[in-house]
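*Asks:* Quick check, what structure comes out for this input:
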Amino acid sequence: MTANIHGPAWALEGLGVRSGRYPLAVEGPVMRAVDRLVPGVSTVTRYIRYHSMYAAIAAHAGQHAWDIAACRQSVRRSEVLLAALQHHAGPDPAWPAHGIDRMRRFCVAELELARAADEEHLTQSYSPRRWGFWDQYGGPAMLLGTVDVRDGALRPGRHVCPPAVKDLFAPLLSLAARDAVSFTDLETAGQAALGVPCPAEREWLADVLTATRDGGTHVPEDWEASDRTRRATLRILGRAIDLHGHEGDGYQETLRSAVAFGEEATTDPVLAAIPETAGWRGALLRHYSVGAWRRLWAALVAGVGSKDGEADRSAEDLRDWLAQQAPDADVRQVLDGLPPLKSSAGQLLPAERQLLAQGTDTPMTDVLLLMVGALRSREGHLPGDVRAVFLGRQRHWAEFLDPTWVDGLINDYVDRPARDLAARLVDDMLAQSRRVALAKLRTDPATGGLKIFSRLHLRNERYFKTGDEGDSDIGTRIPQLGFLAEQLGLFAAVDNCRTVTAEGRRILETNP
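*Replies:* Purely as a prediction, here's the structure:
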């Protein structure tokens, strides 16, 4: 007898597929270090003006006892108005307001504010998120202490918004109560537009960001631990700019020049006196290995076809893809050909920079970077405090794909052909991506079935993809911190060179 089975009726057939973030889960050590070293700043908090706007909204909300709905409406409408101010004045590529691209269609004969900020049809509004861009500024703002959230509603933080800053946004908040705003009326709020200076805002938020009061005096006992750490990172960055800002690099590479390589991290009187310098050395060195894994994985996935069967790949195909790019040498010979990691005086040399500067930009360059990271992980290569951050372990043993894991592979394969090590790295990436995807497996409430977060999938021993992986480096928040400091008059950027202003040098105490 033949039986047909239908069901279960409470779930749709098949496995739900979503794109996953961090498919190899190698980013954690750097992300945790950055979270600890740059509190109150994120990779998506770009403007000081938004921080002051949310603080002004919170002050107004506290004064008028606004509930969650009133706060959310004011946030969304104020963000639309800030974008509309820039759109009306003419686009400035140096100051792209958040949401300006989606807001433009609501500026025709007038600004259709209610439609632009509509909460009922989020996907058709200026932002698909219920709280708009407060979602990305909220956490940092609460950590900075400029805004607090009580019972879901915005309220003043421990650093109260100054009267002059509230006055700056008074016209804008008045317009936020309207459903439509004429462009003539919009101009009355022009003082709040991005890029328009406000001395009171600059003074207030410079104090908050640098943990100072009374014109730049830092009293450690008056500030929380997160404030003191953020100040320490700003001082390190400021000193790095003093030492290397003339070289024409961005903020992140300027910081790397001062603390990751050479002797300045231990001999410069300012840098050596700041404990967080060691943390930044460890984080920036590990950043190279994390970037190498991300690019290597993205390159592997890029060569795999879709689920329709076009250019799908077996594990052997993928192993051959990397093995065929390996040099015709054994692993020991490859190690001997790496740039020197230390000078005769024991100072760290920029081997990673040398590899990247060769301009080959091939998967094997990333393999070499992983090997350099493995060598740096060995006992005695880095001081204990630097090595602790470099490894970033949450446990006392090697974690999948961390530098000590790669070092173990080097020891196992040292007298074998480099192509064998390359093939093993592919196997380890495939296994790790599977572990990560299964760890993220969730029940989908919409279908009752399971949902897996991954772009690479295995079917009948063949790999196919549902999308490409990103190969960009993860953020360190240093570019964002530097730009915030520029807006506060602490740093300046001219012709790709960075400098610390006289005010910045005084407040941050960057002089030896």
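*Asks:* Tell me if I am right that Gly40 is in a helix.
*Replies:* No. Looking at Gly40 with DSSP: H, G, I helix; E, B strand; the rest coil, it is coil, so not inside a helix.
*Asks:* I figured it hits Ser226, correct?
*Replies:* Yes. Counting by C-beta atoms under 8 Å, Gly40 does reach Ser226; the two are 6.5 Å apart. Quick note: C-beta positions are derived from backbone N, CA and C, even for glycine.
*Asks:* can you list residues touching both of those two?
*Replies:* Leu143 (C-beta atoms under 8 Å, 6 or more residues apart in numbering).
*Asks:* The stretch 51-200 of the chain: helices as residue ranges?
*Replies:* With DSSP state H, counting those that start in this stretch as the definition, the stretch 51-200 of the chain shows helices at residue ranges 68-89, 100-103, 113-116, 134-144, 163-175, 183-186, 199-210.
*Asks:* Helix or strand next in line after the helix or strand bottoming out on mean pLDDT in the chain, which one?
*Replies:* Between all helices and strands in the chain, the lowest mean by mean pLDDT, DSSP states H and E belongs to strand 16-18, at a mean of 58. Using DSSP states H and E, the helix or strand that follows strand 16-18 in sequence is helix 28-37.
*Asks:* Name the residues of that next one that come out as buried.
*Replies:* Pro29, Val30, Met31, Ala33, Val34, Leu37 (16 or more other C-beta atoms under 10 Å).
*Asks:* now for the residues you listed, which pair is the farthest apart?
*Replies:* Spatial extent of the buried residues of helix 28-37 (C-beta to C-beta) is set by the pair Pro29 and Leu37 at 12.4 Å.
*Asks:* which residues does the residue lying closest to Ala117 once chain neighbours are set aside contact?
*Replies:* Residue nearest to Ala117 in three dimensions, not counting chain neighbours: Arg76, with 4.0 Å by C-beta to C-beta, 6 or more residues apart in numbering. Residues in contact with Arg76 (C-beta under 8 Å, 6+ apart) are Ala117, Glu119, Ser125, Tyr126, Ser127, Trp131, Gly132.
*Asks:* Closest one to Val301 out of those residues, please.
*Replies:* Looking across the contacts of Arg76 and measuring by C-beta to C-beta, the closest to Val301 is Ser127, at 30.2 Å.
*Asks:* Spit out the contact partners of that closest one.
*Replies:* Counting by C-beta under 8 Å, 6+ apart, Ser127 has contacts Arg76, Glu79, His98, Gly99, Arg102, Phe133.
*Asks:* Can you read off the pLDDT for it?
*Replies:* pLDDT for Ser127: 96.
*Asks:* got it, and Asp495?
*Replies:* The model's pLDDT for Asp495 equals 88.
*Asks:* and it, how many residues sit next to it?
*Replies:* 5 (other C-beta atoms under 10 Å).
*Asks:* Excluding chain neighbours, what is closest to it?
*Replies:* The nearest residue in space to Asp495 (C-beta to C-beta, 6+ apart) is Gly248, at 8.0 Å.
*Asks:* That neighbour touches Asn496, doesn't it?
*Replies:* Yes. Contact criterion C-beta under 8 Å: Gly248 and Asn496 qualify, at 4.5 Å.
*Asks:* what does the strand or helix carrying Tyr463 rub up against?
*Replies:* Assessed by DSSP H and E, Tyr463 sits inside strand 462-465. Here strand 462-465 makes contact (C-beta under 8 Å, 6+ apart) with 301, 304-309, 312-315, 318, 430, 455-457.
*Asks:* Specify which member of those is nearest to Ala70.
*Replies:* Taking those together and measuring to Ala70 by C-beta to C-beta, the closest member is Arg455, at 41.1 Å.
*Asks:* Now do the phi/psi pair for the closest one.
*Replies:* Backbone torsions of Arg455, given as degrees, to the nearest 10, read phi -100, psi -20.
*Asks:* With Leu237 instead?
*Replies:* phi -60, psi -40.
*Asks:* so what's it up against?
*Replies:* Leu237 touches Tyr251, Thr254, Leu255, Ile478, Leu481, Gly482, Ala485, counting by C-beta under 8 Å, 6+ apart.
*Asks:* what's the helix or strand for the second one?
*Replies:* Right, the one you point to is Thr254. With DSSP H and E as criterion, Thr254 is part of helix 251-259.
*Asks:* Contacts for that helix next, please.
*Replies:* Residues contacting helix 251-259 (C-beta under 8 Å, 6+ apart): 236-237, 239-241, 243-245, 247, 249, 264-265, 268, 271, 277, 280-281, 284, 476, 478-479, 481-483, 498.
*Asks:* and the angle from the helix or strand just after the strand holding Tyr463 to helix 199-210?
*Replies:* The helix or strand immediately downstream of strand 462-465 is helix 478-487, counting by DSSP H and E. Angle of helix 478-487 versus helix 199-210, following axes from the mean of the first three to the mean of the last three C-alpha atoms, to 10 degrees, is 140 degrees.
*Asks:* Counting neighbours, which bits of helix 478-487 end up buried?
*Replies:* Buried residues in helix 478-487, defined by neighbour count with 16+ other C-beta under 10 Å: Ile478, Pro479, Gln480, Leu481, Gly482, Phe483, Leu484, Ala485, Glu486, Gln487.
*Asks:* Mind giving me the packing neighbours of that helix?
*Replies:* helix 48-64, helix 199-210, helix 225-244, helix 251-259, strand 491-494 (3 or more C-beta pairs under 8 Å, 6 or more residues apart in numbering; DSSP states H and E).
*Asks:* 7 Å - rerun?
*Replies:* On a contact count with 3 or more C-beta pairs under 7 Å, 6 or more residues apart in numbering; DSSP states H and E, helix 478-487 meets helix 225-244, helix 251-259, strand 491-494.
*Asks:* measure the residue nearest to Asp495 to Leu175 for me?
*Replies:* 43 Å (C-beta to C-beta, to the nearest Å).
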